[in-house]
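> Need the 3D shape of this:
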Amino acid sequence: MSSTGPDDARWPDVLDTAGGDAGRVITERDWTGTPLGPIAGWPQSLRTALALCLHLPGPAVLWWGDTPLPNDAYRRLLGPGAAPGGPVDEVWPGDADALALLLAGVRAGEGAAESRDVPVRHAHDGGADRWFTFVHTPVTDESGRPAGALTVGTECAAPRSADPAEPDADPTGLDAARAELAAARAELRLFRVRSEQALRRAEALARLAGALSSARGRDAIVEVVTTVAPAVVDATTLRVAIALPGRTVLDVAGAGASPERLPVDADVPLARAVRDNAALPLGDGRATGVCLPLRDGDGGALGVLEVRWADPVADDEALHSLLDAVAALCSQALQRAELTGSAQAMAGFAARLSMTRSTAEAIEVILDAATTAFGAELPGLAMRDEGRRVRLWYHDDVPGELAATFRDLTVDDPRPIVRALHHGERIVLRDRADFATRFPGLPDPVGRHGMVTTVALPLFGAERRPIAALGFGWRRERPLRDSDLALLDTVADLCEQTLERVRLAAAEHNLVTRLAGRLRSSELAVPKNLEIATRYRPAMSGLHLGGDWYDLVRQDGDRLAVVVGDVVGHQVEAAADMAQLRTVLNTLIRLGVPLEEVFLRLTELLGVGFLGTCLVVVVDPADRVAHVARAGHPHPVVLPAGQPPRTVQTANAMPLGMVDRPMTVTTVAFRPGDVLVAYTDGLVERRGQPYDEGIAALHRSLVAVRDEPVEAIADALLRDLAGSEDDQALVVLRHLG
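Next up, the predicted model:
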């Protein structure tokens with residue numbers, strides 16, 4: 001419910017009709033942007049004192065704070081320039097500084113004060129001086145403290161000292177002593193006012209420094225500046241514009257206002273202060289505001305602080321020092337946030353690079369994240385291709401006409417990014433004039449697409465030969481400081497290490513895959529009524545010749561034994577154990593050892609010096625069944641024709657090396673059109689994921705490709721279930737009927 005009553009609603013109207021011309025001027029003015037605020041919100045103490053002032057027959061002024069509200073008699077005395085809310089020197093006929101001291105004392109509780117023998121050049125009396133004495137009486141607000149002063153003037157005779165022929169009226173010197181005492185008191189009041197003001201500003205400056213020191217991040221710093229700093233400089237409004245290096249827009253924020261973006265080339269004071277990197281006064285001949293640049297350690301513009309006051313302020317050294325101190329605190333905080341942000345961006349970049357497992361993944365991360373710490377655009381990565389050709393990778397947001405100019409590159413192309421790749425030279429072009437000087441006569445498609453500052457950064461391999469070059473740029477000139485160049489070196493080091501690592505990993509992976517293929521391949525004639533696909537994918541980290549294997553053993557008729565196993569470990573010892581187990585199991589199956597005794601015989605022959613799992617599935621296409629023996633291994637999956645996939649459940653069994661009795665053999669139907677999948681746990685197990693989710697993903701992938709050839713099914717399973725940190729062995733069979 002509103003607190004405004006009937007009296008509040010009609011008070012401006014009463015003031016307008018009963019307050020004379022001065023009342024009408026006051027009610028017609030918009031006071032929203034002044035220290036008094038909207039007229040509807042003026043307190044009752046102000047209203048009462050103003051009504052008294054306006055109804056006085058003699059000249060009177062109500063000073064509420066430092067804002068004058070004169071009555072009609074006062075305005076007739078001084079003329080129309082004495083406007084409500086106007087500057088003190090236009091409303092007061094005497095010394096404005098002396099009046100400020102008197103009013104400060106009145107508001108400080110020192111009681112009433114006088115201004116004697118004040119000359120007033122009457123506007124309607126031929127310009128002759130008349131003399132007045134003004135009495136300044138305190139006016140209290142609702143809390144009982146003086147909030148203003150009522151000044152009432154009384155005309156008096158000319159002072160004796162005004163007539164040079166008048167004899168000395170102060171032979172004893174008493175009046176001079178009194179004048180000196182009054183001057184001393186005025187000086188004391190001035191000192192006390194200034195001391196209190198300095199103390200108040202120092203306390204506010206300390207609060208600002210403390211709040212900035214604990215602010216984390218640029219947004220938090222901007223919020224502190226826009227909410228705390230206005231009290232330090234007694235500003236009505238204060239805004240901050242952040243100029244990120246090389247960016248073409250400013251991020252502008254102010255307390256209680258929505259953030260906005262402003263072009264750097266806009267014709268407004270904020271943008272001009274950034275472009276000129278210089279302070280810019282605001283106002284129409286009177287100091288009502290200023291734009292102060294916020295600078296980094298090298299003197300470059302980080303942004304601008306816009307400060308505005310409701311009334312003109314004294315342009316003195318104390319205010320300059322205070323504004324400089326506020327700007328310095330803001331600049332230091334923004335520099336700290338910039339350094340912290342760059343460090344966090346580098347840490348995130350390094351973390352993303354460490355997770356890449358191929359050259360393609362590394363290039364994608366480099367293009368996406370390397371420029372984040374710099375705020376750069378249009379990244380490109382050049383690498384050698386076949387022969388003398390050079391290939392350039394870039395994002396989809398690169399304009400097509402720009403991308404077309406970088407096709408069919410060769411190593412002797414003169415452009416900066418290829419030169420960096422060919423010669424290992426870091427090329428920093430501050431602007432397009434720099435480009436024209438260093439590459440005379442060379443077309444500049446990057447400059448035509450709005451880039452101003454550009455960088456071509458060579459990346460070196462283990463033998464310190466350039467293997468790639470990274471290029472990017474900014475649409476506004478960006479001077480690269482020593483800290484920026486050090487950051488470029490860090491980016492280069494991270495990219496170099498990653499590209500070398502994935503290159504070695506790819507070479508190792510190819511070696512392991514070829515070697516593993518020789519250990520696992522089975523040369524046999526596939527039964528004509530079976531379609532078979534086999535796969536082996538080693539772990540991607542290091543020379544891990546793992547312990548996963550598969551084997552296919554032809555038996556009597558068209559029967560086929562499918563063996564899939566996994567020996568614990570990823571080193572050469574695990575591969576040796578795997579080779580031994582595979583050979584012994586293959587021999588036992590070929591000799592016709594009953595399926596339920598195969599694992600027991602294995603233990604008797606090799607002992608318990610190893611640990612692993614194994615699955616043997618004997619497929620009999622003629623009888624349309626499959627016999628399953630499992631030693632601690634993942635269950636196989638059957639996909640019946642026209643039905644959902646089903647995991648083949650078998651009796652619990654001990655792993656290899658611990659089997660001491662015959663196994664239970666499970667028999668399942670395997671009819672024409674059915675698909676059977678045997679695999680090792682690397683296909684379905686993921687760190688941080690329940691095992692059942694991996695099995696469910698396997699079932700979903702099978703259903704999606706059930707009608708494809710088994711080779712396509714095997715490829716789809718490895719693709720859909722990628723991301724394993726372990727080896728993967730896989731056998732897919734289909735009964736052709």
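
> From residue 227, how far off is residue 663?
Separation of residue 663 from residue 227 (CB to CB, to the nearest Å): 75 Å. Heads up, the C-betas are built off the backbone N, CA and C, glycines and all.

> between these two, which one's more packed in?
Neighbours were counted for residue 663 and for residue 227 using other CB atoms under 10 Å; residue 663 has more, 22 against 15.

> so where do the helices sit in the stretch 501-650 of the chain?
Using DSSP state H, counting those that start in this stretch, the helices of the stretch 501-650 of the chain run over 572-590, 598-606.

> Of those helices, which is nearest residue 320?
helix 572-590 (75.8 Å; CB to CB).

> Quick check: buried residues in that closest one?
By neighbour count on 16 or more other CB atoms under 10 Å, the buried set for helix 572-590 is 574-575, 577-578, 581-582, 585-586, 588-589.

> With stretch 144-153 instead?
146-153.

> Next: stretch 206-221.
Of the residues in stretch 206-221, 208-209, 211-212, 215, 218, 221 count as buried by neighbour count, 16+ other CB under 10 Å.

> Equivalent analysis for stretch 458-470, please.
Across stretch 458-470, burial judged by 16+ other CB under 10 Å covers 458-460, 466-470.

> ends of it, how far apart?
In stretch 458-470, first residue to last residue: 6 Å (CA to CA, to the nearest Å).

> List the contacts of it.
Under the criterion CB atoms under 8 Å, 6 or more residues apart in numbering, residues 366, 370, 379-384, 417-418, 420-426, 456-457, 491-492, 495-496, 499-500, 503 lie in contact with stretch 458-470.

> rerun at 7 Å
By CB atoms under 7 Å, 6 or more residues apart in numbering, the residues outside stretch 458-470 that reach it are 366, 370, 379, 381-383, 417, 420-421, 424-426, 456-457, 492, 495-496, 499-500.

> So which of these are in strands?
When the contacts of stretch 458-470 are checked against strands (DSSP state E), the matches are 379, 381-383, 456-457.

> Would you tell me which of the helices of the stretch 501-650 of the chain gets closest to residue 263?
Judging the helices of the stretch 501-650 of the chain by CB to CB, what sits closest to residue 263 is helix 572-590, at 63.4 Å.

> now that closest one, how far from the centre of its chain.
56 Å (CA atoms, centre = their mean, to the nearest Å).

> Can you tell me which helices and strands that helix packs against?
strand 548-554, strand 560-567, helix 598-606 (3 or more CB pairs under 7 Å, 6 or more residues apart in numbering; DSSP states H and E).

> 10 Å instead, please
helix 482-520, strand 548-554, strand 560-567, helix 598-606, strand 612-620 (3 or more CB pairs under 10 Å, 6 or more residues apart in numbering; DSSP states H and E).

> how about those in JSON lines, adding mean neighbour count, mean pLDDT and distance to residue 413?
As requested, the helices and strands packed on helix 572-590 are exported to JSON lines (neighbours: other CB atoms under 10 Å; pLDDT from 0 to 100; distance: least, CB to CB, whole Å):
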{"stretch": "helix 482-520", "mean neighbour count": "16", "mean pLDDT": "72", "distance to residue 413": "21"}
{"stretch": "strand 548-554", "mean neighbour count": "22", "mean pLDDT": "89", "distance to residue 413": "47"}
{"stretch": "strand 560-567", "mean neighbour count": "24", "mean pLDDT": "92", "distance to residue 413": "51"}
{"stretch": "helix 598-606", "mean neighbour count": "18", "mean pLDDT": "89", "distance to residue 413": "62"}
{"stretch": "strand 612-620", "mean neighbour count": "24", "mean pLDDT": "94", "distance to residue 413": "55"}
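
> Could you point out which of the ones you listed sits nearest residue 276?
Closest to residue 276 of these is helix 482-520 (CB to CB; 22.2 Å).

> got TSV for the helices and strands packed on helix 572-590, with distance to residue 138 too?
What follows is the helices and strands packed on helix 572-590, written out as TSV (distance: least, CB to CB, whole Å):
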stretch	distance to residue 138
helix 482-520	58
strand 548-554	94
strand 560-567	94
helix 598-606	105
strand 612-620	95
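
> between those, which one is nearest to residue 682?
So among the helices and strands packed on helix 572-590, strand 548-554 is nearest, using CB to CB, at 6.6 Å.

> What strands line up against the closest one, and which way round?
Counting by DSSP bridges, the strands paired with strand 548-554 are strand 560-567 (antiparallel).

> Distance from the strand it pairs with to the middle of the chain?
Relative to its chain's centre, strand 560-567 lies at 52 Å (CA atoms, centre = their mean).

> Stretch 684-692 now?
How far stretch 684-692 lies from its chain's middle: 34 Å, per CA atoms, centre = their mean.

> buried ones in that stretch?
For stretch 684-692, by 16+ other CB under 10 Å, it's 684-686.

> for the residues you listed, which one is nearest residue 480?
residue 686 (43.4 Å).

> Isn't the closest one up against residue 726?
Yes: counting by CB atoms under 10 Å, residue 686 touches residue 726, with 9.5 Å between them.

> ok so, going back, turn the buried residues of stretch 144-153 into TSV, columns for secondary structure and pLDDT.
Shown next, in TSV, are these (DSSP: H, G, I helix; E, B strand; the rest coil; pLDDT from 0 to 100):
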residue	secondary structure	pLDDT
146	strand	89
147	strand	89
148	strand	90
149	strand	91
150	strand	91
151	strand	92
152	strand	91
153	strand	88
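
> Which member of these is positioned nearest residue 707?
Of all the buried residues of stretch 144-153, residue 147 has the smallest distance to residue 707: 88.3 Å, by CB to CB.

> Thought residue 140 was touching the closest one, still the case?
Yes: using CB under 10 Å, residue 147 is in contact with residue 140, at 6.5 Å.

> which neighbours do those two share?
Jointly contacting residue 147 and residue 140 under the rule CB atoms under 10 Å, 6 or more residues apart in numbering are 45, 49.

> returning to that earlier point: would you mind giving the helices of the stretch 501-650 of the chain as TSV with distance to residue 282 added?
Formatted as TSV, those follow (distance: least, CB to CB, whole Å):
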stretch	distance to residue 282
helix 572-590	76
helix 598-606	89
